[in-house]
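generate a structure from the sequence data that follows.
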Amino acid sequence: RDRINEVYQELGIRDVENYDTYVIDVHTYAAFFRVLYNAEYLGEKGSGELLEMLTRSAMTRGIAAGVLSDAKIAHKFGERSLAQGVEQFHDCGIVYATMNPYLLCIMSQGDDYEEMANFVAEVSRMVYESAGRL
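Next up, the predicted model:
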């Protein structure tokens, strides 16, 4: 745990005070992908290897559902059930669009997992279509 906070400090991210209640925000989540994309912490080789691993996700919902099937995406998704029927669906990653790679992070919360996954897919589709026009 000390090593995690050491890495967080090196990346300019606030320390984790309590791992049992720690919740990552969308800005911090996205920061990890920016650091990997820019090879700022692990260097080109390490960042490239990690991003390549993240492209092997079998998740076809969320961001992946909003882009063409042959688009390469380095992403990490998360699902979580909270108290009183509250669900969360998060997806964050780099979409390697043909001319314009971009970072997209979407965190959602509600009571209907299908609705949240579809929402993330729709936002992903809109961003993907816009990236193709830039």
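
please count neighbours and contacts with C-alpha atoms only from this point.
Fine.

and whichever helix in the chain runs longest, what other elements does it pack with?
Secondary structure of the chain per DSSP state H: the longest helix is helix 113-133. On a contact count with 3 or more C-alpha pairs under 8 Å, 6 or more residues apart in numbering; DSSP states H and E, helix 113-133 meets strand 87-96, strand 102-110.

could I get those strands as a markdown table with mean neighbour count and distance to Val7?
Output for the helices and strands packed on helix 113-133, formatted as a markdown table (neighbours: other C-alpha atoms under 10 Å; distance: least, C-alpha to C-alpha, whole Å):
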| stretch | mean neighbour count | distance to Val7 |
| --- | --- | --- |
| strand 87-96 | 21 | 20 |
| strand 102-110 | 17 | 21 |
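
I'd like those written out as JSON lines, with distance to Ser124 and mean pLDDT added.
Listed next are the helices and strands packed on helix 113-133 as JSON lines, based on distance: least, C-alpha to C-alpha, whole Å; pLDDT from 0 to 100:
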{"stretch": "strand 87-96", "distance to Ser124": "10", "mean pLDDT": "95"}
{"stretch": "strand 102-110", "distance to Ser124": "8", "mean pLDDT": "96"}
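
can I get those in JSON lines including distance to Arg56?
Below are these laid out as JSON lines (distance: least, C-alpha to C-alpha, whole Å):
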{"stretch": "strand 87-96", "distance to Arg56": "12"}
{"stretch": "strand 102-110", "distance to Arg56": "17"}
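
a helix runs through Tyr29, doesn't it?
Yes. Counting by DSSP: H, G, I helix; E, B strand; the rest coil, Tyr29 falls inside a helix.

so what's it up against?
By C-alpha atoms under 8 Å, 6 or more residues apart in numbering, the residues touching Tyr29 are 92, 105.

how about Ile106?
With contact set as C-alpha under 8 Å, 6+ apart, Ile106 has these partners: 26, 90-92, 120.

specify the beta-bridge partners of Ile73.
Val95 (DSSP bridges).

now stretch 93-103, how far from the chain's geometric center?
Centroid separation for stretch 93-103 versus its chain: 12 Å, with C-alpha atoms, centre = their mean, to the nearest Å.
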